[in-house]
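In: Quick check, what structure comes out for this input:
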Amino acid sequence: MGTAYSPASSRTHYLTLQEAVAEGYGAYSTLRSWIAQGKLPASKTGSRVKILRSDLDALARPVGVDPIEAAIERLVAAAPPLTPEQTRCLRDLLGEAS
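Out: Okay, the predicted model is just below:
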């Protein structure tokens, strides 16, 4: 039995733009923009643009909580409730008196 040949593209894990979009790496226009800006290296084979999966993974960033929003949430959670008088004063100050 002979040794199976594995094309270079499968060894290096290239994806076409369409494959990258289908796998959730971003919108087609976003990927093209990143390539044009030099943020995402790409190569062209015939008419197909190919991208290394490792380059796509390097651009992926975990989405985290904004530290300011997290601080606000902690402050609001720790604050005591306003009394009706405090609520009325705030409405008057903010011009929302009804």
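In: CA only for contacts and neighbour counts going forward, please
Out: Noted.
In: Next one, pLDDT for Thr3 please.
Out: Listed pLDDT for Thr3 reads 53.
In: Am I right that Lys44 falls within a helix?
Out: No: counting by DSSP: H, G, I helix; E, B strand; the rest coil, Lys44 is not part of a helix but strand.
In: contacting residues for it?
Out: Lys50 (Cα atoms under 8 Å, 6 or more residues apart in numbering).
In: quick one, phi/psi of Ala70?
Out: In terms of degrees, to the nearest 10, the main-chain angles of Ala70 are phi -60, psi -40.
In: Any figure for the gap between it and Ala22?
Out: As judged by Cα to Cα, to the nearest Å, Ala70 and Ala22 stand 33 Å apart.
In: what about the longest strand in this protein?
Out: Of all segments of type strand in the chain, defined using DSSP state E, the longest is strand 48-52.
In: Do a quick rundown of the helices in this protein.
Out: Assigned by DSSP state H, the helices in the chain fall at 8-12, 17-22, 28-37, 53-59, 67-78, 84-94.
In: okay if I get the ones you listed as TSV plus mean pLDDT and mean neighbour count?
Out: What follows is the helices of the chain, written out as TSV (pLDDT from 0 to 100; neighbours: other Cα atoms under 10 Å):
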stretch	mean pLDDT	mean neighbour count
helix 8-12	53	10
helix 17-22	94	16
helix 28-37	95	14
helix 53-59	91	13
helix 67-78	91	10
helix 84-94	93	12
